[in-house]
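S.K.: Quick one, structure for this:
(3 chains)
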Amino acid sequence: MNPNEPLDNALLDFDLLSKLVVGIGEVSDITGVPQRQIRYWEEKGIIQSFKEGEGTTRKYDYLSIKKILLVKELLDDGFTLDAAAKKVEERMRIINEVFKKLADRSEPANE
DNA sequence: GTTCTCACA
DNA sequence: TGTGAGAA
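M.R.: Alright, predicted model coming up:
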């Protein structure tokens, strides 16, 4: 973990992460958070998922997974869901900005 | 495999 | 706040 973050590596990660879409089962396996808990948090509104097309199963993208991971850490730090939700929202704001920039770089209109 | 609701601690 | 079980 160097203090400087090479954008080249970030671009590779972004391409991979942006395509990462999994169900609640995968998310629970990756994050280590039980499905009930994930649904529970979503029920509280601290995280949100999306249905793909007319499907019923929840789909989680990297941002959602990141949120779940963040909430998990926050809760472990002694925060409540409400407190964690606030911090998560602020964090997501920054992450969204970075992703937007990454997306812009990842889609060069021309060589 | 997933979803939901009811109930309990 | 988080989990159990049953049912679809």
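
S.K.: Pick out the residue closest to the middle of chain A.
M.R.: Closest to where the C-alpha atoms of chain A average out (CA atoms, centre = their mean) is residue A:63, at 2.1 Å.

S.K.: I figured that residue hits residue A:93, correct?
M.R.: No: using CB atoms under 8 Å, residue A:63 makes no contact with residue A:93, being 11.3 Å away. From N, CA and C alone the C-beta is placed, and that goes for glycine too.

S.K.: ok, now which ones touch residue A:65?
M.R.: Counting by CB atoms under 8 Å, 6 or more residues apart in numbering, residue A:65 makes contact with A:20, A:22, A:27, A:30-31.

S.K.: same check, this time on residue A:81
M.R.: A:41, A:44, A:46, A:71, A:75.

S.K.: One more pass at 6 Å, please.
M.R.: A:44, A:46 (CB atoms under 6 Å, 6 or more residues apart in numbering).

S.K.: if we can go back for a sec, tell me the buried residues within the contacts of residue A:65.
M.R.: A:22, A:27, A:31 (16 or more other CB atoms under 10 Å).

S.K.: when you check those against the helices, which ones overlap?
M.R.: When the buried ones among the contacts of residue A:65 are checked against helices (DSSP state H), the matches are A:27, A:31.

S.K.: Many thanks, I have nothing further to ask.
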